[in-house]
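[1] Here's a sequence, model it:
(chains A, B, C, D, E and F, ligands or ions: 3)
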Amino acid sequence: MKLIIAYIQPHKLEDVKKALAEANVGKMSVTNSLGCGAQMGFEESYRGIKFEVNLLKKVRLEIAVNEDFVQKTIDAIISSARTGEIGDGKIFVLDLADCIRIRTGEYGTEAIG
Amino acid sequence: MKLIIAYIQPHKLEDVKKALAEANVGKMSVTNSLGCGAQMGFEESYRGIKFEVNLLKKVRLEIAVNEDFVQKTIDAIISSARTGEIGDGKIFVLDLADCIRIRTGEYGTEAIG
Amino acid sequence: MKLIIAYIQPHKLEDVKKALAEANVGKMSVTNSLGCGAQMGFEESYRGIKFEVNLLKKVRLEIAVNEDFVQKTIDAIISSARTGEIGDGKIFVLDLADCIRIRTGEYGTEAIG
Amino acid sequence: MKTQNTGIKKHRWLIMLLALFFLCGATETVFAENEAISIADVKQGLDTVWVLIAAFLVFFMQAGFGMVEAGFIRAKNTCNILTKNFLDFCMASLGFFLIGYALMFGDGNGFIGTKGFLLMGLEDTTSGLPLFAFWLFQAAFCGAAATIVAGGMAERMNFKAYLIYSFLISAIVYPIVGHWIWNSGGWLAAMGFGDFAGSTVVHTTGGIAALIGTMMLKPRIGKYGVDGKPKAIAGHNIPLASLGVFILWFGWFGFNAGSTIGAGDGFDIARVAINTNLAAALGGIGAMITVWFRFGKPDLSMAMNGALAGLVGVTAPCAFVEPWAACLIGLSSGVIVVFGVELLDKLHIDDPVGAVPVHGMCGIWGTLCVGIFGKAALGLSNEGFIYSGNPMQFGIQCVGSVATVVFVLVTMGLIFKMIDATVGLRVSRTEELRGLDIGEHGMESYSGFQIFSTT
Amino acid sequence: MKTQNTGIKKHRWLIMLLALFFLCGATETVFAENEAISIADVKQGLDTVWVLIAAFLVFFMQAGFGMVEAGFIRAKNTCNILTKNFLDFCMASLGFFLIGYALMFGDGNGFIGTKGFLLMGLEDTTSGLPLFAFWLFQAAFCGAAATIVAGGMAERMNFKAYLIYSFLISAIVYPIVGHWIWNSGGWLAAMGFGDFAGSTVVHTTGGIAALIGTMMLKPRIGKYGVDGKPKAIAGHNIPLASLGVFILWFGWFGFNAGSTIGAGDGFDIARVAINTNLAAALGGIGAMITVWFRFGKPDLSMAMNGALAGLVGVTAPCAFVEPWAACLIGLSSGVIVVFGVELLDKLHIDDPVGAVPVHGMCGIWGTLCVGIFGKAALGLSNEGFIYSGNPMQFGIQCVGSVATVVFVLVTMGLIFKMIDATVGLRVSRTEELRGLDIGEHGMESYSGFQIFSTT
Amino acid sequence: MKTQNTGIKKHRWLIMLLALFFLCGATETVFAENEAISIADVKQGLDTVWVLIAAFLVFFMQAGFGMVEAGFIRAKNTCNILTKNFLDFCMASLGFFLIGYALMFGDGNGFIGTKGFLLMGLEDTTSGLPLFAFWLFQAAFCGAAATIVAGGMAERMNFKAYLIYSFLISAIVYPIVGHWIWNSGGWLAAMGFGDFAGSTVVHTTGGIAALIGTMMLKPRIGKYGVDGKPKAIAGHNIPLASLGVFILWFGWFGFNAGSTIGAGDGFDIARVAINTNLAAALGGIGAMITVWFRFGKPDLSMAMNGALAGLVGVTAPCAFVEPWAACLIGLSSGVIVVFGVELLDKLHIDDPVGAVPVHGMCGIWGTLCVGIFGKAALGLSNEGFIYSGNPMQFGIQCVGSVATVVFVLVTMGLIFKMIDATVGLRVSRTEELRGLDIGEHGMESYSGFQIFSTT
Ligand SMILES: Nc1ncnc2c1ncn2[C@@H]1O[C@H](COP(=O)(O)OP(=O)(O)O)[C@@H](O)[C@H]1O
Ligand SMILES: Nc1ncnc2c1ncn2[C@@H]1O[C@H](COP(=O)(O)OP(=O)(O)O)[C@@H](O)[C@H]1O
Ligand SMILES: Nc1ncnc2c1ncn2[C@@H]1O[C@H](COP(=O)(O)OP(=O)(O)O)[C@@H](O)[C@H]1O
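    Ligands and ions are numbered 1, 2, ... in the order given. Alright, predicted model coming up:
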């Protein structure tokens, strides 16, 4: 099992969700996040003081999947979130030692979907 | 060491915290999250346009524990967060390679608690 | 590759970012989080009812780095976030199985920076 | 050319005619150029201006109520309370137009009016004002009585139930109480009961309706622990509530000072206005001191409730008392409201915004204050207790207050029971947990904002 | 000259007459020293007080517009709309001072005024009011017309384009329409066109300008799916919008009832005020019922639009109709607005706050209602259709409404085209996605708040 | 029986006396039936109505100040500033009732009044108004002066210190300055110093108190980097601030136009009102242009400060100048405020909301403008500089302005020192970091909202 963490542009969320659904990945958790990367920030000014904002709004997805879904998930995200411009985001893959469904108490790969 | 990530219903947070405290797990980090799972969303309508909301509010817990606390933690969460209804949530367990306490610079299992 | 998760005091974020930049770590993701740890909470009262607030505001950093950057990153965080007082925070280190840059589709250590 | 109105009398017509003749001549030359400037017209114009502006201010209080109620509850129910607040004014306008005004100000018996449905068959002026101006002022009052209840029953009351309730209170219950007290033919008015601007008519009515409603609804999920201890469910937007309090205070100047139904020579409206302000200020101070002493923190939400309590308290006596007395009334109301909030929590009556202590308790207290601090010289039937040592007026005030409380408890109790039996008073558990905004209206109040709520 | 009015009584007629005679002489000299307690002065003072307060209320509507517009859009564009709303009132004040007033109320021909630039060369009083008071009232109206457009074009219009547009509409387009209708020399005024407080002058003008602007701007990114289906882009702060609606309603009392330009004997202002209130209330109820039936949920945002629709609808006829007619006008406007919103969505005209249905459609509808429900006895040129069966007035209303629509479509269409060709009407895609607050102003509306927005 | 007031004149005394004699008889009987329609009563009624409504508007400014101050600071200190804002009005009401009014308007010497504590022993009317109406208007002013300071010292001032300060300024410091200028016996009044509605009395006093307070408090943690460069600490709720500005502008109509203390024949109040509006509008435009040129972005927060600056600037001269001059005063104030904000940042004086530039600097500037643009024909003692070339009035204005600045610096400096030595001016570092809402009041302003703040 793997835990996939993906950072994407906020306005791509709907597309990514659709692509994931088509890849049969329906479960996920979404958080908002601020990202600092290759993408340049922008300048704000408040009452005559300028300042650089280099934390940009991103959406963070956390998706736990069984091994055979890992590549499909990654591909779905890449295809739907890519615009080719800096700031498109990153995907991180972690090993998932275990997974438990609270409702039933099931463990492991059964519990993921 | 393990890093336990749990998604629970928001109104269960108080109960879960109490159960964890009884299991001697007092440290944790909490974030709000939006979850997409087996639980059905609901319909909103705004100015005559209906739309499906399928991201539901969840609370995300992140708890780093030593090996001997893993099962206790999981059990405490399950027992306090379970209602038996869809949407109760999931627990993910990850291997934790290291842990450092910033204040003291301690590493490893010492630093967790 | 490692995924470093750090919880720090909110007002230390600027210092930590500066320290990381000096250590050539420029990419990261930031989230707000509520932490429960050794640090005591505080008491609020609302309309005559007192209650204990023991979830304190923290900032959560997520930084994916290649192996040779791990220690530098940790040191930079410790040196910039430490005040010596309870509540300074924790750093968690996880193994990162893979990393993908969405824009280019690159995998692995290439994709991290 | 109102000179005639001013009345000339009867016989002695010859002299009168002569006089008139000259007057017309005199005034004509002045007025001929001036298009009818009679002093009576100007006076009526001025009185109308005053009462209309007061009516606008009272209308604006609706916004104040909405903001206070919204600010003191959780974000997930905000849209719901605002819809209730918005619609109840609409419903009150309609109900008071169709039925309410007739029941309240129409001729009839001591208990209820029976003439003037749809404002038909009434004279053009009333109390020296154009009927329409008088109606608007009274309609805005009616809306206030209805909306008070929304706060007490917030975060769990069925929306349809609220609509039915709000129509009934504004079209029937409130007008009946109003008839007793503000219709010169009402039985309490006949007794010499003094309620200048409505501590009883509006606030006791609204506050007691909130009390019975809140008791029947039961507390919100999670408000009282298994150990019975109350838990804090914090309001989600204190700046909004604070703005609401300022709007209410602002509007209250119209509420109280407009109840003179005319500008007169300015003395009465000035006294009412200063009393209103002092009572509000002292109410805020009183509540702040009390809450600070009892709970160790200067709690803004309580101080704001205190100012409102002072305003409610001074509403009945504002025209009958001296400024120093207004200070005392305000201060005491501010203290009462803090203990009132505590008391309700002990009784497990869950009133999220403090509608019962503010409007119910201080409405009663203010009514009684008329009997204590009121002065006959300022228009009250009997001299107040502290001046005369005679409890006559105090007794009358008790009668009126008790009568209103009992009447509202019974009628509103029945109405809520009926509603509960039909459409149901309370929303489902899931809906309450998820929030009424989504459950009832399918929309969020703060779309896009991350709101972390565990209750 | 009060002594006379106070009337004369009884015997002693001879002496009275003498007295009167001398008093007339005496008072003249008396006033010379005593600074004028003349009834004409008091009356003018009262009228000025009334119109100034009304002007303040109309000014305050600017806040209402700002809050409604801000509340109904996304957080990321809030600062931008507020800046537009704030500056357009500033620009309107300036433009109306320099040019607008002259074009609108200055003497000239039936189409446009040509005197009074910078308020120079005008008489001290106009319509029985000090010029400055009259100007302020009218300037506040002018600001309202300008700001209506901001809502329809929200979330994607270039800021500089907006500034240019807002100067032009308030200095030129609005004053010309106003001249036709509210200058006694205007061609529509001469025809007997009735628009008491501006359903046409202000609201049709603003609403139609919003329509053409919105069409030219194209919808917001993501508003219509590839399948053409509209998507909901929810407003970010419903309590703010709700407050805004209350402020508008409050201010509208000044808008309509102040349009009497004087207090008179109170009857007119009272009628206008009650009609305004009833139409607003019934508008809210009408929209609520309609939206509930059609979409299954009592949508607050629509109910609030309904109240505004009722207000817009009753603005033209408020002085000419009876309260029951105001109820009908309000109710129908409330229904219209719901269908209007739907219609625009079908036509893919993306109007985030409903400026076109509320101000444009109901502005026209209200104007026509004058011809249907108006009464000659209340000052209209011809009896309305339902009383007389004669469509004369209705016809006149149609002419005025059509003329205004066409004129505004053409002039504003040209203005927007010109602006588009020079500074550009619309912001870039990146800027729209990131939000205009950052793109145009480099600041955030809710600094520190976590806002999760995927549109 | 006002006929007497109207005075009696000169020759023809015998007949006049006769006439009066009979009139008295006549009117008495008339009034018996008619309840007093005398022109003097109506006039006094009208003046009272005007001043009371103005007082309500000034009171409402308190809400405006609260929203502006709250909106321009961080979320974590919002509740604190709102509590301060709320309580200082309560304290000012009390303090001005007990002591302040006596010191300000009571008879005494040129420096201070000594009669009328608790409003006792005063005549029923003052300046042709019921005393209570006059008091309320003045009390609302007093509250404004106190609350200005809250903004400058926001986000770090001890709550108890604030309460003490606010009582002292409203009960003592403000009334003394007011006595000099607005009591006919005051030494500056005697010199012919012109401050129509309080650029000096209210705004300079408040602004300079904010200056000395802010300097003594030191900047907020993190405001100036180690390199000395200022950092932006963005306001958390711009819509709230924007609403506040509109409320202030709205209320300012009452502030300035109500300072006529009567409606008169409408000319004065109309001039004041138009000047107020034009100065505000031009202030907004002036600041917007300046900030856009200097910093490349149209910064709403500055434009709003500009409107307030224009309002402050025109407050002293509003009755004495022509509209075109009001435009210039507004425009220049708008420019000044931008440079003022920059200057303070250079001096490391950390004034989160711009209280010093807006109220202090523009208060002084507005006071001087009286000497430049004022006209003797409009009631000023001497013709302004641009008309006469004579710097007399300008000189007087300088004297008054300097005297006020010095007096406030000294007294408030001492008061703040004393407070610092006893309860302490500033909160602890931890408290400041965590936010004063939790530290001082134990509650949050936006419970449940996720707020991400690193300062
Ligand atoms: N090494 C990293 N650790 C944590 N988050 C990262 C890392 N690299 C990128 N991110 C996240 O991904 C987002 C996009 O990264 P960026 O470098 O701008 O995109 P791209 O690689 O497409 O140019 C960042 O804003 C940040 O949230
Ligand atoms: N595979 C997954 N990856 C990430 N998050 C998940 C996954 N499955 C469930 N979740 C989280 O857990 C929450 C509850 O899941 P759900 O399927 O509704 O509950 P249940 O398994 O009890 O029916 C979801 O809303 C989501 O936040
Ligand atoms: N075991 C843990 N699991 C998850 N988060 C933790 C853990 N321990 C600490 N944290 C996070 O780190 C923050 C600081 O921890 P705390 O114990 O107060 O600091 P310190 O170790 O410096 O005394 C906590 O508020 C919490 O967010």
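[2] Please make it C-alpha for all contacts and neighbour counts, starting now.
    Fine.
[3] So which residues of chain A form helices?
    Along chain A, the segments classed as helices by DSSP state H run A:13-22, A:67-81, A:109-112.
[4] so which of those helices comes closest to residue E:397?
    When the helices of chain A are compared by C-alpha to C-alpha, helix A:13-22 sits nearest residue E:397, at 48.7 Å.
[5] so does the closest one get close to ligand 2?
    No: taking C-alpha under 6 Å from any ligand atom as the criterion, helix A:13-22 and ligand 2 are apart, separated by no less than 11.8 Å.
[6] now that helix: mean pLDDT?
    For helix A:13-22, the mean pLDDT works out to 91.
[7] Alongside ligand 3, which residues does the stretch 151-300 of chain D contribute?
    Residues of the stretch 151-300 of chain D found near ligand 3 (C-alpha under 6 Å from any ligand atom): none.
[8] still on that earlier bit, can you lay out the helices of chain A as CSV showing mean neighbour count and distance to residue F:220?
    Shown next, in CSV, are the helices of chain A (neighbours: other C-alpha atoms under 10 Å in any protein chain shown; distance: least, C-alpha to C-alpha, whole Å):
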stretch, mean neighbour count, distance to residue F:220
helix A:13-22, 18, 39
helix A:67-81, 18, 42
helix A:109-112, 17, 49
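[9] Quick one, which of those gets closest to chain F.
    Each of these has some distance to chain F by C-alpha to the nearest C-alpha; the shortest is helix A:13-22, at 20.6 Å.
[10] near chain E at all, the closest one?
    Yes: using C-alpha under 8 Å from any C-alpha of the partner chain, helix A:13-22 reaches chain E at A:13-14.
[11] can you tell me if that helix touches chain C.
    No: against chain C, helix A:13-22 shows no contacts by C-alpha under 8 Å from any C-alpha, the least distance being 12.1 Å.
[12] Might you calculate how far that helix sits from the centre of the chain?
    Centroid separation for helix A:13-22 versus its chain: 11 Å, with C-alpha atoms, centre = their mean, to the nearest Å.
[13] Chain neighbours aside, what residue packs nearest to residue D:235?
    Nearest residue to residue D:235, sequence neighbours excluded (C-alpha to C-alpha, 6 or more residues apart in numbering or on different chains): residue D:72, at 3.8 Å.
[14] where do the strands sit along chain D?
    Assignment of strands within chain D using DSSP state E yields the ranges D:125-126, D:129-130.
[15] State whether residue D:73 and residue D:350 are indeed in contact, as I suppose.
    No: at 12.0 Å, residue D:73 and residue D:350 do not qualify as touching, with contact defined as C-alpha atoms under 8 Å.
[16] Just give me the neighbour total for residue 95.
    As the question left the chain open, I've gone with chain A. Using other C-alpha atoms under 10 Å in any protein chain shown, residue A:95 has 19 other residues around it.
[17] Chain D is the one I meant
    For residue D:95, the neighbour count with other C-alpha under 10 Å is 24.
[18] Enumerate every residue touching it.
    D:167, D:170-171 (C-alpha atoms under 8 Å, 6 or more residues apart in numbering or on different chains).
[19] Restricted to helices, list these.
    Residues of these located in helices (DSSP H): residue D:167.
[20] which of the contacts of residue D:95 lies closest to residue D:429?
    Using C-alpha to C-alpha, the contacts of residue D:95 come closest to residue D:429 at residue D:167, 26.2 Å.
[21] ok, so what distance separates that closest one from residue D:175?
    Here residue D:167 is placed at a distance of 12 Å from residue D:175 (C-alpha to C-alpha, to the nearest Å).
[22] With neighbour numbers in mind, choose between those two.
    Shown here are residue D:167 and residue D:175; by other C-alpha under 10 Å, residue D:175 has more neighbours (28 against 24).
[23] Which one of the helices of chain A lies nearest to residue F:417?
    Nearest to residue F:417, of all the helices of chain A, is helix A:13-22, at 56.7 Å by C-alpha to C-alpha.
[24] List the contacts of the closest one.
    Residues outside helix A:13-22 that contact it (C-alpha under 8 Å, 6+ apart): A:26, A:59, A:73, A:76-77, A:80-81, E:454.
[25] Using a markdown table, lay out those together with pLDDT and distance to residue D:40.
    Formatted as a markdown table, the contacts of helix A:13-22 follow (pLDDT from 0 to 100; distance: C-alpha to C-alpha, whole Å):
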| residue | pLDDT | distance to residue D:40 |
| --- | --- | --- |
| A:26 | 87 | 78 |
| A:59 | 94 | 70 |
| A:73 | 97 | 84 |
| A:76 | 97 | 82 |
| A:77 | 97 | 80 |
| A:80 | 95 | 78 |
| A:81 | 95 | 76 |
| E:454 | 73 | 64 |
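[26] Turn the residues you listed into a markdown table, including distance to chain B.
    Putting those into a markdown table (distance: C-alpha to the nearest C-alpha, whole Å) gives the following:
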| residue | distance to chain B |
| --- | --- |
| A:26 | 6 |
| A:59 | 11 |
| A:73 | 15 |
| A:76 | 17 |
| A:77 | 16 |
| A:80 | 18 |
| A:81 | 18 |
| E:454 | 12 |
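[27] What's the local residue count around whatever residue of chain D ends up closest to chain A?
    In chain D, no residue comes nearer to chain A than residue D:450, which is 8.7 Å away by C-alpha to the nearest C-alpha. The number of residues packed around residue D:450, counting by other C-alpha under 10 Å, is 22.
[28] could you show me where the strands are in chain A, in order?
    Under the criterion DSSP E, chain A carries strands at the ranges A:2-8, A:28-36, A:42-46, A:49-53, A:56-65, A:90-95, A:98-101.
[29] With residue C:45 as the reference, measure out to residue D:376.
    45 Å.
[30] If you could redo that for residue D:214, that was the one I meant.
    23 Å.
[31] ok, those two, which is more surrounded?
    Between residue D:214 and residue C:45, residue D:214 has the larger neighbour count (other C-alpha under 10 Å), namely 26 against 22.
[32] Count the residues that sit near the closest residue in space to the more buried one that isn't next to it in sequence.
    Using C-alpha to C-alpha, 6+ apart and skipping the chain neighbours, the partner closest in space to residue D:214 is residue D:153 (5.3 Å). A count of nearby residues for residue D:153, using other C-alpha under 10 Å, gives 31.
[33] Without its sequence neighbours, what residue ends up closest to the residue of chain A most remote from its centre?
    In chain A, residue A:48 marks the outermost C-alpha relative to the chain mean, sitting 36.6 Å out by C-alpha atoms, centre = their mean. Spatially, and ignoring its direct neighbours in sequence, residue A:48 is nearest to residue F:295 (6.3 Å; C-alpha to C-alpha, 6+ apart).
[34] Within its local environment, how many residues does the one you found see?
    Residue F:295 has 15 nearby residues by other C-alpha under 10 Å.
[35] Quick check: it vs residue F:344, distance?
    Distance, residue F:295 to residue F:344, by C-alpha to C-alpha: 16 Å.
[36] same thing with residue D:431?
    52 Å.
[37] ok, now residue A:6?
    Separation of residue A:6 from residue F:344 (C-alpha to C-alpha): 45 Å.
[38] circling back to that earlier point, was I right to think the residue nearest to residue D:214 contacts residue D:351?
    Yes: counting by C-alpha under 8 Å, residue D:153 does reach residue D:351; the two are 6.7 Å apart.
[39] how far out from the middle of the chain is stretch D:155-164?
    Between the centre of stretch D:155-164 and the centre of its host chain there is 21 Å, according to C-alpha atoms, centre = their mean.
[40] Give me the contact list for that stretch.
    In this structure, residues lying in contact with stretch D:155-164 by C-alpha under 8 Å, 6+ apart are D:73-74, D:77, D:80-81, D:84, D:87-88, D:91, D:150, D:217, D:220, D:419-420, D:423-427, D:432, D:435-436, D:440.
[41] List the buried residues of it.
    Residues D:155-162, D:164 are the ones in stretch D:155-164 that count as buried (16 or more other C-alpha atoms under 10 Å in any protein chain shown).
[42] Fine, thanks again, bye for now.
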